[in-house]
Structures are given as C-alpha cells and as structure tokens.
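# Take this sequence and fold it.
(2 chains)
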Amino acid sequence: MRKLAAVFLALYATIAFAVLEVTILKQDENAFPIVISPFSVKGDARQGEAIAHIMRDNFNRSGEFNASSAEHIINSEIDFEKWQAKKIEAIVIGKLEQVSKKIFNVEIELIDTYTRKTLYAKKFAVHNSGIRRITHYLSDQIYFALLGEKGSFDTRLAYVTVTNKGDGKREYRLEISDSDAQNPQTIFRAASPILSPAWSPDQNKIAYVSFKNGRSEVFIQHPFMRRKTQKLPYFNGIASAPAWHPSGESIIMTLSKDGNKDIYSYHLKDEKLTRLTKDVGIDTEASYSPDGERIAFTSNRSGQVQVYIKHLKTNTIKRATFEGSYNAKAVFSPDGKSLALVHRVDRDYRIALLDIATKDLIVITDNKLDESPFFSPNGSMIIFATNKSDMGVLSVVSILGHQTFELASKAGEVREPNWSHYSK
Amino acid sequence: MLKITSLITATVLLSSCSTVVEELYQKVAPKPSVVNTEESIVAADTSSFESQEYGGNYTVKNSAIHAATSELKSTGVSFVLYFSYDGSEINEAATKQIILHANFMRDNPSLNLRLEGHADERGTREYNLALGENRALAVKEVLGLYDLSSRVEVISFGEEMPIVQTHDESAWEKNRRVEFIYQ
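From the prediction side, this is the model:
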C-alpha cells in the first residue's frame, strides 16, 4: 500500500512540476482574425470547450492568427454581416456528441465569412484519450485550409529543465511535451548536465548528450517504448552535438578521439563511423540539410567562430557566414534554403536567419544571450533559449521576427529546445 | 599557404615554450613528498562535478591525496588556471604553475591528475564544450613535456558548471578555467 502511495506521489510530482507556463505574446496587428466558436455539446460538456480552447491557443501561438471566441455557440445559421462588420474573416464551428462512455463524434466546419463557403469540414469518431491529439490534427488542417501551408501543431517539443536542489546540487530533466507544452513527460533525469536533445525523423527516438558517466556521451532513448536507452560506443574524449540524418539511419556528432574536435557520422545499424571533417580547429554543432546532401557546422578554422557548409557528394567545404565575428549552431530550415544560427552583435548573442544563396543575414531577436535555435517543422517559427529576469526560458519567434510565445518553468530554467517532425 | 605559415608559427611557439619550460624546471627544486595516511578523512577540496555527485567514498588513498595536495596548495600553487575569451593559450605565468604541478606529480607517482576544462556562458553550449576541452588539452600538452601524459585525464564541462552564476565579465573571467583535480 505504501509502495502504491509512493508511486502515486512520484507520478503526481512529475505532473505538478513539469508543465511549462505558456505565455502567448501580443499578436501582430496584421494577424488573420478568426473566431473559433465554443462547440455545441451532447454529453460531457467539458470536452467541447476543451477542443475550442486548445484550438484557439494553437492559432494564437502561431503568430499568424488572432483567434477569439464567440459569446454564444455559433450554429450553422451564421450571421455573416455581423462577423464581416467585426472584420472576422473565418469562423470555425463544431459539434461534439458523446456516443458511449469514452467515444465521441466530432464534427467541425471552417467557413469563410466573406464568400460564405465551407473551406474545410470533417466528421469522425474519437476516443476520449485522443481528443487533444485530434484537436492538434484538426488545427493543422484548418491552418492549411486558410494559409495553404502546413501548421506545426500535431508535433512535439523536447527540452531540458534545470532546478536547484540546494547545496549547489541541481537536477536536470530531459522532457518531452506536445507542441503546446501540454502532456509533459520526464524521460530522463540526472544530477549532471543534459545537452542537445534531438528528435529522430520518425519521432520515436531522442538522441542527447549526458554527463551521467562523468563525461559527455551520446545516448539514444525510445520515449514511447519499453526499450533500454542505447549508449553509443565509447570514443575517447568528447562525444556530443548529435543530429539525425533525414533517413534516421545515422547520426552525426562531434568526437575528439584524436584530440581534434571533428564531425563524424555514425551508422546505427552497421555501427560504422565515418569522419566528415578534419581540421586542427574546433568543428562541432553539425546539422543535416533536409535532403541529407549537406551539413552545416560551426568551426573556428579561420581563427573566428563561423558556420561552414559541406556538400557531402562533392566533398567541398564552403564558409557560409561572413557577417560578424561569431556565428554558430546553425540549423537548416525545412526548405533547405536558409539557416537559423547564433550571431554575435557587439557583446550580445542573438538569433539570425541566413539566406544561404544570397548570404543575407537578418537578426531576428534582440536579447543578450540567445542560443539553440530550432525551426518548427513547417518552417514558420523558430524556438530558442534565452534569459528572462536571469532565468532560462524558451521563446518562439516567427521567421519575420515577431515574438509569438514563451515557455517558462516555475521550478527553474528551461533550455535546449528541439521541435519534432510531424506525427505519424 | 596560410595554413603552412600558421603551422610553422605554432611549431616555433611550441619549441620556444618548451625551452622556457625546461629552464623553469631546472630552477624549481623538487619537494619531498609528504604523505600522511593517518590524517583524518576529509572531503576532497574540489569543485569537480564528479566529486559532488559521487562524493563520500573516501579511502586511505583519498586522504593521502588530500594531504599531499593540501601541502602543495599551502605553497601557493594555483589549482585553477584562467583563460581569455575564446582562448586556450597558456601564458608564461600559467606555464610556471603547470611546472609546479609537474614537479608534484613526479614526486607523487601514485597520483593521477584530472584536468577539467570550462568555458563562460557566452556563445553556444556545444562550442563551449569543445573549447573547454581545448583548454584542458593545452595544459596537458605542457605536462606532456615531462612525460606525464599517461597520468593525465582530460574532461570538459563546457559552460555547464560555472563557478560564478551572474552574467557579467567578472563572472565570465572566473568561469573560463581549467581545474586540477588529483585522484
């Protein structure tokens, strides 16, 4: 009995402390005005409001929309003149009907208030436990119907939290959550630092760096399966900065087994190690282009810290950044045309976007210590780590530089964000 | 061409450095090793993450290490070396300190040294992890001139284990460091 209580307490503690606080920041004035009506409900009413609420938050977090509710449930007879007068361009209405204890029928419709046409409609049955996931899926569908681009809602985040335990001791947790920070789970905890979590392309694995054995090593964990965490073979020196090949079959990482810090590719099935860079300087923070044909990495080979791109087919390495004395930790955008990176401006470190072809660099944040940028899977947003009131938080900007939302922990710092691909 | 020039410069620097090291070494008289195994068991004085986490298992050897390193510390030898921003160069003052450690290691052949490299918080975490290792490797390189490499282990914690938590130059200069931990 006591054991059961302990298990319950542990579970409760995880849930209570792990949820990040989401702050949706002021919307851009040009954001797309839409109304997401409360759903009409037959049965358990809470689920209906939950769907509309999750959906509104999704659209507002995207920075592209200004999503509001309606005073009353809007049914199929819509007062179009009223909504047009309020400059509302589209309306989402829905029905939720409880058909058994845990099964609901969901019906949703997206209507253009000016053309009065239905842009998207869907009806299906869903299990109670799948309502949140379905809501993210529907949000992606509506986002696509309105903008002609994919949303990034049915996806997941990974991040590291750090809490002070007193006596100078800290607890590090590797956590995963839905794209709206809900459903958080701690998948690994340690008294030593955790760095660089990276979702595998199939979204079933996470590679990360842990110091649990006293030095930096790369591990691969299966958060949704009862499978043992895989430790990559021991290489002398540093093993760090893992990133996945788009096929998911290999990862690239930094090893210093010869003293030099260079980029290596490790094939997980063949257990074969291939060296990709060779230089006396530091080469690290490699990431693959979406087609797997290029890698971007940080190197101080010129005497300054800059970003380079290696074409793997031709074996050529070219410097990618020329503006500023410090550019690092570049990641490719989903279309492969630009890089998000850390760029020093005077004494501050900020996030910048680099157009690879034109070499144009645009600084999109204005803080002091921004780091670890990562694109949302649709490429419309960049999540990064920053400091706010001396505390590590995650912040999200649109690629145009509009801040959209912030993720903070009451218990301590949040850092090292990574955004998964689309769920399957 | 540029690479060749820098390689030559590096070689010249290294060889001139080793001459300085040799000269300095001649001037430093080896100290008698005093290992008091009866000394009461005390926690090792290190800020190493490892010892914080796994601390508590102090054997006779640990207390001997403590006694020997306490004596070395009492002579004013520095157990932490500091570095410039993004730098891993060992200057002359630092070289002198490393030579004192080299002497100590020769006098205490049963002790091994762990060099922990650290960086300040500026710049990216993974780059700083690499930078911290370069700093520790630079110290090891000097010790290598005394054939001590096999007894030296290098570990980097990057910017993860700062000594001072604030976000200013006075904190950063204390955090860019290599710590000497005997074991």
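# what about chain B, any weak spots by pLDDT?
B:1-59 (pLDDT under 70).
# Kindly recompute the last result at 80.
Along chain B, segments meeting pLDDT under 80 span B:1-61.
# what does it put close to chain A?
B:49-50, B:52-53, B:86, B:121-127, B:129-131, B:133-134, B:137, B:154-158, B:160-161, B:167 (Cβ under 8 Å from any Cβ of the partner chain). For glycine as for every other residue, the C-beta is placed from the backbone atoms N, C-alpha and C.
# Can you flag which of those belong to strands?
The strands, defined by DSSP state E, take in B:154-158 from those.
# Nearest to chain A among those residues?
B:Ile155 (5.1 Å; Cβ to the nearest Cβ).
# for A:Asn213, helix, strand, or coil?
Secondary structure state of A:Asn213, per DSSP: H, G, I helix; E, B strand; the rest coil, is coil.
# That one - how many residues pack around it?
Neighbourhood size, A:Asn213 [other Cβ atoms under 10 Å in any protein chain shown]: 12.
# Provide a list of residues in contact with it.
Listed by Cβ atoms under 8 Å, 6 or more residues apart in numbering or on different chains, A:Asn213 has no contact partners.
# rewinding a little: any chance of the ones in strands among the residues of chain B next to chain A in TSV, plus neighbour count?
Shown next, in TSV, are those (neighbours: other Cβ atoms under 10 Å in any protein chain shown):
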residue	neighbour count
B:Val154	26
B:Ile155	23
B:Ser156	29
B:Phe157	26
B:Gly158	28
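# tell me which of those residues is nearest to A:Gln98?
Nearest to A:Gln98, judged by Cβ to Cβ, of those is B:Gly158 at 53.0 Å.
# what's the spacing between the closest residue in space to that closest one that isn't next to it in sequence and A:Gly281?
Distances taken as Cβ to Cβ, 6 or more residues apart in numbering or on different chains place B:Leu129 nearest to B:Gly158, at 3.5 Å, with adjacent residues excluded. From B:Leu129 over to A:Gly281 the distance is 15 Å, taken as Cβ to Cβ, to the nearest Å.
# neighbour-wise, which of the two wins?
B:Leu129 (32 against 17).
# Any idea which residue of the stretch 1-150 of chain A lies closest to chain B?
For the stretch 1-150 of chain A, Cβ to the nearest Cβ, closest residue to chain B: A:Leu20, 19.8 Å.
# Report the contact partners of that residue.
Contact analysis of A:Leu20 by Cβ under 8 Å, 6+ apart lists A:159, A:177, A:181, A:184, A:394, A:407-409, A:414.
# separation between it and A:Asn58?
A:Leu20 is 16 Å from A:Asn58, by Cβ to Cβ.
# circling back to that earlier point, verify the stated contact: the residue nearest to B:Gly158 with A:Ser216.
Yes - applying Cβ atoms under 8 Å, one finds B:Leu129 in contact with A:Ser216, separated by 6.1 Å.
# what's the overlap in contacts for those two?
Residues touching both B:Leu129 and A:Ser216 (Cβ under 8 Å, 6+ apart): A:195, A:238, A:240, B:156, B:158.
# so who does the last one touch?
What it means is B:Gly158. Applying Cβ under 8 Å, 6+ apart, the residues near B:Gly158 are A:195, A:216, B:118-119, B:125-126, B:128-132.
# Test my guess that A:Tyr172 contacts A:Tyr159.
No - the criterion here is Cβ under 8 Å, and A:Tyr172 misses it with A:Tyr159 at 11.1 Å.
# Can you pick out the residue with more neighbours from those two?
A:Tyr159 (28 against 24).
# Wait, a strand at the more buried one?
Yes - the assignment for A:Tyr159 (three-state DSSP) places it in a strand.
# Can you get me a residue count around B:Ser170?
Residues near B:Ser170, counting by other Cβ under 10 Å: 8.
# From the rest of the structure, what touches the helix or strand harbouring it?
Using DSSP states H and E, B:Ser170 sits within helix B:169-175. Here helix B:169-175 makes contact (Cβ under 8 Å, 6+ apart) with B:82, B:85, B:118-122, B:159, B:162-165.
# how about 10 Å then?
Contact with helix B:169-175 is made by A:347, B:80, B:82-85, B:118-122, B:128, B:159, B:161-166, as judged by Cβ atoms under 10 Å, 6 or more residues apart in numbering or on different chains.
# right, and the helix or strand after it?
Later in the chain than helix B:169-175, the nearest helix or strand by DSSP H and E is strand B:177-182.
# for that following strand, packing partners?
Counting contacts by 3 or more Cβ pairs under 10 Å, 6 or more residues apart in numbering or on different chains; DSSP states H and E, strand B:177-182 packs against helix B:60-74, strand B:80-82, helix B:92-107, strand B:113-118, helix B:125-144, strand B:152-158.
# Out of these, which gets nearest to A:Gln84?
Each of those was scored for nearness to A:Gln84 using Cβ to Cβ, and the closest is helix B:125-144 (50.7 Å).
# Could you check the angle the closest one makes with strand B:113-118?
Per axes from the mean of the first three to the mean of the last three Cα atoms, to 10 degrees, the angle that helix B:125-144 makes with strand B:113-118 is 150 degrees.
# hang on, the earlier thing: which of the contacts of helix B:169-175 are buried? Put it as a PyMOL command.
Those of those that count as buried under 16 or more other Cβ atoms under 10 Å in any protein chain shown are selected in PyMOL with:
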select buried, chain B and resi 83+118+119+120+121+122+128+159+161+162
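# Would you map the helices across the stretch 1-150 of chain A?
Using DSSP state H, counting those that start in this stretch, the helices found in the stretch 1-150 of chain A span residues A:2-18, A:45-61, A:80-85, A:131-147.
# mean pLDDT for those helices: which is lowest?
Within the helices of the stretch 1-150 of chain A, the stretch with the lowest mean pLDDT is helix A:2-18, showing a mean of 47.
# Figure out how far stretch A:188-200 is from the centre of its chain.
Distance, stretch centre to chain centre, for stretch A:188-200: 15 Å (Cα atoms, centre = their mean, to the nearest Å).
# That stretch near chain B anywhere?
Yes - shown here: stretch A:188-200 in contact with chain B (Cβ under 10 Å from any Cβ of the partner chain) through A:190-196.
# Next: stretch A:417-424.
No - under the criterion of Cβ under 10 Å from any Cβ, chain B is not reached by stretch A:417-424; the shortest gap measures 12.2 Å.
# quick one on the thing from earlier: intersection of neighbour lists for A:Tyr172 and A:Tyr159?
Residues touching both A:Tyr172 and A:Tyr159 (Cβ under 10 Å, 6+ apart) are A:194, A:413, A:415-416.
# Just the buried ones from the residues you listed?
So, by 16+ other Cβ under 10 Å, the buried ones in the shared contacts of A:Tyr172 and A:Tyr159 are A:194, A:413, A:415-416.
# so A:Asn315 touches A:Arg275, yeah?
No - the pair A:Asn315 / A:Arg275 is not scored as a contact, 11.6 Å apart, by Cβ atoms under 10 Å.
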